[in-house]
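Engineer: need a structure here:
(chains A, B and C)
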Amino acid sequence: MGRSLQVGDKVVLERQHLQQLLDVLSKRGYRILGPTVRDQAIMYDEVRSLEDLPAGWTDEQNAGTYRLKKRADNALFGYVVGPHSWKKFLLQPEVRLWQAKSDETGLKTVESKEETPRSAFIGVRSCELHAMAVQDKVFMAGEYVDQFYKSRRENLFVVAANCVQAGGTCFCTSMNTGPKATFGFDLAMTEVISTGRHYFVAEAGTEIGVAVLGEVTHREASEEEKAVADSAVDTCSRQMGKTLNTAQIKELLYRNYENPRWEDAASRCLTCGNCTMVCPTCFCTTVEDYTDLSGQLAERRRRMDVCFTMDFSYIHGGSIRYSPKARYRQWVTHKLATWIDQFGVSGCVGCGRCITWCPVAIDITEEARAIRESELSHKSAT
Amino acid sequence: METLEPILAKHPFLKGLEPRHLKILVGCASNVRFNAGHFLFHEGEEANEFYMIREGKVAVQIQGGERGPIIVQTVGEGEVLGWSWLIPPYRWRFDASALELTRAIALDGKCLRMKSEEDHDLGYELLKRFAGIIVERLEAARLQLLDVYKSRP
Amino acid sequence: MEDEEDMIANPMLTHSYVVKRVQQETYDTFTIELEPKNKAQAFSFAPGQFNMLYVFGVGEVPISICGDPSKPETLLHTTRAVGTVTNALRKLRRGDLVGVRGPFGTSWPVEEAKGHDVVIVTGGIGLPPLRPSLYQLLSKKQEYGKLVLLYGARTPEDIVYGQEIEQWRKRSDIAVDVTVDRATGQWRGNVGVVTTLIPKASFDPADTIAMIVGPEIMMRFTIAELQRRGLRDESIYISMERNMKCGLGFCGHCQFGPFFVCKDGPVFRYDRVKPFFGKGEI
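Structural biologist: Numbers count the residues shown, from 1 in each chain, chains lettered A, B, ... in the order given. Below is the predicted model of the structure:
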């Protein structure tokens, strides 16, 4: 290359050189997390070599359906998203908030100072970048800052993978969250497989990204290579499995708290909470206080929680959201409407996980459509 | 002798009543007073009047509770007590006892029933006003039934 | 370990306070009086705010602060003993330790109400969260118009702060009216729901701020009655209650429509929450 590498420069990494990326990150002290195949699904786990990635696998997703299938080629990122999201490592399922001792002198808290590992996320999709930005708003933009989240979020190295094929439940284009990664990454890559070739068009998004990329064998991308990559992502944007009309959706849902469709959905909903667990933006937690058998040591822990449970909204003697209808309505209305008033953005990034992993195939895009259309039929009836 | 007309005319319950109807009511009205502890009426008695309370407090209560009478409502200054005179069998369903010295205008219900049969406009005006009171009491009673302050451990 | 910096670093950390007194108010309601371990550390709060109180190893609950904001040396909380933590609080004795996090939440419009009449309508255990306001209003009475306190309880035995209410009643600068839902023959006061006190209360609806706390049903009917008297929605303030785990806006439990009761509330101006208030199960 003529001049030194800069943010935004498009380069080509050959498939065989991608291992260097993992080695460079490892040497820099990052724990690398990325997609792997486990339990017949794409799960985020520790990745040490390219062999750990789901080479040659793809996913077939639809409402209530998820299957892994073998691909004709050996693509490393030829699938979309599985039941895991990156909140597994950022928000974490369980966190010890503090420990406290009780002795003659009183209550003494022992602050939890665990070592926060530096993590590198590989293969982050654009919708997931948006989801992380959404949770950043929840945990870092208010009066209080969640230090547990913040310390993991900082020093994070993000390698994004632009989607070149859309999933059966994807609707990122409806939510303006993809498929092309436009922010929030240190490196972004588009995988290209063509006759006899397997390469990645990559760019750095930050100075650290530039530094890391600099240590991996690369060359400047040609115009044709850039075009092929862009075209693949563009094609993907027209393959979305689902769509969601977001026009005035906040006002739509605020108007429709009493729409009979909620009861209809509730008759199908098991209130199992799968949707909240797989959703990359759901952030609700509960706080639990423990004590050891001696009663001398107490601990407070935070655990991910689910708004579909009977006692999520419990206050003296009963739950505010007693019926399944109220709880289903709460989840959807929060995700698509009240979230906007709370954080200035939608809570939904169009990843489709909730549709895929609902055991009874409830589709949030369908429910929103039904509510919107129920207003039209009312109008035409009058 | 000063008639009760100016007092009745001022009472919010009779606001908007035509002068000719007001005169009929004045004809059926009398000043009454009850010392604390005295009963205005007892459950089961014939209900032939209603009261517009001018001063004091009356307890609407019922006997037979475990610890003496149970008060279900108190009626005070500016309020109206008694509608059993309107509907057959014209019998009081509750006791009413003065909690403190109470002054009121008693209106002869039997007389007003007769006059209302003759003058339906008068009857309509009275029924309209009593309907309002009954609705108010019903809503309040329902709220009481809900027992909203109950502790639910 | 327990200073300001740590609180900022980890707002889930609790501060130790010492129990001065636990006093029974009614058969199921009690007041716990706390003071900081370090006497120099005064606790300042605005009326309407709440603390998260922690009993070692048992758990944490949100309770409104009910003392006088101008007397920060003692921290008062009145609550019902209805669950594990509140029952544990009730059993504490002088010298025991309680963890305190707070104060959290929004406060009553005591400043905005200056120059206006103020009507306070509360029911049951709703009086404690409003008592700090009453103290402030009474201490600067000349800056307000008429003051009215309307209080409803289940039975005479459920009346909280009974003696204090009688003292307020004796004052000439505040009109106090109390009612119970039902009473035995010994009660000489009003019987009937608290809404029945509103038509008789003396205040100028065109120039009044109302502050209401109570069960949601009671608040709804109270608002309807106040509206009937001519109050505008922007003049009515309520205090909401929801399940709380963190008090910081992170756990998501206290959501009420788009609002987090822990940080957008618990005090809300009625017109702002009207679309969500009164709809079931929100």
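
Engineer: by mean pLDDT, flag the weakest helix or strand of the chain.
Structural biologist: All of this refers to chain A. Each helix and strand of chain A was given a mean pLDDT (mean pLDDT, DSSP states H and E); the minimum falls on strand A:106-111 at a mean of 73.

Engineer: the intended chain is chain C.
Structural biologist: helix C:4-9 (a mean of 56).

Engineer: how about low-confidence regions in the chain?
Structural biologist: Unless you meant another one, I'm taking chain A. Across chain A, the ranges flagged by pLDDT under 70 are A:1-2, A:104-106, A:111-113, A:378-382.

Engineer: should've been chain C
Structural biologist: Per-residue confidence for chain C (pLDDT under 70) gives these ranges: C:1-9, C:40, C:184-185.

Engineer: can you give me the helices in it?
Structural biologist: Along chain C, counting by DSSP state H, helices occupy C:4-9, C:84-90, C:127-139, C:162-170, C:216-229, C:270-273.

Engineer: nearest to residue A:59, of those?
Structural biologist: For the helices of chain C, distance to residue A:59 was read as C-beta to C-beta. The smallest value, 41.3 Å, belongs to helix C:4-9. Backbone N, C-alpha and C define where each C-beta goes, glycine included.

Engineer: tell me the SS of the closest residue to chain C within chain B?
Structural biologist: Per C-beta to the nearest C-beta, residue B:149 is where chain B lies closest to chain C, at 3.5 Å. Classification of residue B:149 by DSSP: H, G, I helix; E, B strand; the rest coil places it in coil.

Engineer: residues in contact with it?
Structural biologist: C:123-125, C:152-154, C:158, C:181, C:214-215, C:218 (C-beta atoms under 8 Å, 6 or more residues apart in numbering or on different chains).

Engineer: same question, residue C:251
Structural biologist: Listed by C-beta under 8 Å, 6+ apart, the contact set of residue C:251 reads A:284-287, A:302, A:305, C:244-245.

Engineer: how close does it sit to residue C:48?
Structural biologist: 21 Å (C-beta to C-beta, to the nearest Å).

Engineer: contacts only, for residue 77.
Structural biologist: The chain I'm using is chain A. A:35, A:53, A:123, A:161, A:189, A:191.

Engineer: wrong chain, I was asking about chain B
Structural biologist: Here residue B:77 is in contact with B:53-57, C:200 (C-beta under 8 Å, 6+ apart).

Engineer: reformat those as a markdown table; add secondary structure, distance to residue C:223 and neighbour count.
Structural biologist: Below are the contacts of residue B:77 laid out as a markdown table (DSSP: H, G, I helix; E, B strand; the rest coil; distance: C-beta to C-beta, whole Å; neighbours: other C-beta atoms under 10 Å in any protein chain shown):
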| residue | secondary structure | distance to residue C:223 | neighbour count |
| --- | --- | --- | --- |
| B:53 | strand | 27 | 21 |
| B:54 | strand | 31 | 16 |
| B:55 | strand | 31 | 13 |
| B:56 | coil | 30 | 19 |
| B:57 | strand | 27 | 20 |
| C:200 | coil | 17 | 14 |
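
Engineer: nearest to residue A:352, of the residues you listed?
Structural biologist: Among the contacts of residue B:77, and counting by C-beta to C-beta, the member closest to residue A:352 is residue C:200, at 60.0 Å.

Engineer: wait, the closest one touches residue B:74, no?
Structural biologist: No: taking C-beta atoms under 8 Å as the definition, residue C:200 is not a contact partner of residue B:74, at 11.5 Å.

Engineer: picking up where we left off before, contacts with chain C among the contacts of residue A:77, please.
Structural biologist: Of the residues in the contacts of residue A:77, proximity to chain C by C-beta under 8 Å from any C-beta of the partner chain holds for none.

Engineer: could the residues you listed go into CSV alongside neighbour count and secondary structure?
Structural biologist: As requested, the contacts of residue A:77 are exported to CSV (neighbours: other C-beta atoms under 10 Å in any protein chain shown; DSSP: H, G, I helix; E, B strand; the rest coil):
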residue, neighbour count, secondary structure
A:35, 28, strand
A:53, 21, coil
A:123, 23, strand
A:161, 27, strand
A:189, 25, strand
A:191, 24, strand
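
Engineer: can I get those residues in JSON lines including distance to residue C:164?
Structural biologist: Shown next, in JSON lines, are these (distance: C-beta to C-beta, whole Å):
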{"residue": "A:35", "distance to residue C:164": "65"}
{"residue": "A:53", "distance to residue C:164": "70"}
{"residue": "A:123", "distance to residue C:164": "65"}
{"residue": "A:161", "distance to residue C:164": "66"}
{"residue": "A:189", "distance to residue C:164": "70"}
{"residue": "A:191", "distance to residue C:164": "73"}
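
Engineer: counting only strands, which of the contacts of residue B:149 make the cut?
Structural biologist: Assigned to strands by DSSP state E, the following of the contacts of residue B:149 qualify: C:123, C:152-153.

Engineer: would you list the phi and psi of whichever residue of chain A sits closest to chain B?
Structural biologist: Nearest residue of chain A to chain B: residue A:317, at 2.5 Å (C-beta to the nearest C-beta). The phi/psi pair for residue A:317 (degrees, to the nearest 10) reads phi 100, psi -20.

Engineer: look up how far residue C:264 lies from the closest residue to residue A:319 other than its chain neighbours.
Structural biologist: Computed as C-beta to C-beta, 6 or more residues apart in numbering or on different chains, the closest residue to residue A:319 that is not its neighbour in sequence is residue A:313, at 4.9 Å. Distance of residue A:313 to residue C:264, given as C-beta to C-beta: 16 Å.

Engineer: quick check: residue C:149 touching residue C:134?
Structural biologist: Yes: assessed by C-beta under 8 Å, residue C:149 is found in contact with residue C:134 at 6.9 Å.

Engineer: enumerate the residues of the stretch 101-250 of chain C near chain A.
Structural biologist: Close to chain A, as judged by C-beta under 8 Å from any C-beta, the stretch 101-250 of chain C has residues C:241-243, C:245-246, C:248-250.

Engineer: buried stuff in stretch A:161-173?
Structural biologist: Neighbour-count burial for stretch A:161-173, with 16 or more other C-beta atoms under 10 Å in any protein chain shown as criterion, is recorded at A:161-173.

Engineer: let me have those in a markdown table, extended by distance to residue A:141 and secondary structure.
Structural biologist: Converted to a markdown table, those look like this (distance: C-beta to C-beta, whole Å; DSSP: H, G, I helix; E, B strand; the rest coil):
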| residue | distance to residue A:141 | secondary structure |
| --- | --- | --- |
| A:161 | 27 | strand |
| A:162 | 27 | coil |
| A:163 | 27 | coil |
| A:164 | 33 | coil |
| A:165 | 34 | coil |
| A:166 | 30 | coil |
| A:167 | 30 | coil |
| A:168 | 34 | coil |
| A:169 | 29 | coil |
| A:170 | 27 | coil |
| A:171 | 26 | coil |
| A:172 | 23 | coil |
| A:173 | 26 | coil |
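
Engineer: which among the residues you listed are in contact with chain B?
Structural biologist: Checked against chain B using C-beta under 8 Å from any C-beta, the buried residues of stretch A:161-173 give no members in range.

Engineer: and the residues you listed as JSON lines, adding distance to residue A:103?
Structural biologist: JSON lines is the format used below for those (distance: C-beta to C-beta, whole Å):
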{"residue": "A:161", "distance to residue A:103": "53"}
{"residue": "A:162", "distance to residue A:103": "57"}
{"residue": "A:163", "distance to residue A:103": "56"}
{"residue": "A:164", "distance to residue A:103": "61"}
{"residue": "A:165", "distance to residue A:103": "61"}
{"residue": "A:166", "distance to residue A:103": "60"}
{"residue": "A:167", "distance to residue A:103": "56"}
{"residue": "A:168", "distance to residue A:103": "59"}
{"residue": "A:169", "distance to residue A:103": "55"}
{"residue": "A:170", "distance to residue A:103": "56"}
{"residue": "A:171", "distance to residue A:103": "56"}
{"residue": "A:172", "distance to residue A:103": "54"}
{"residue": "A:173", "distance to residue A:103": "60"}
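
Engineer: between those residues, which sits nearest residue A:327?
Structural biologist: Among the buried residues of stretch A:161-173, and counting by C-beta to C-beta, the member closest to residue A:327 is residue A:169, at 22.0 Å.
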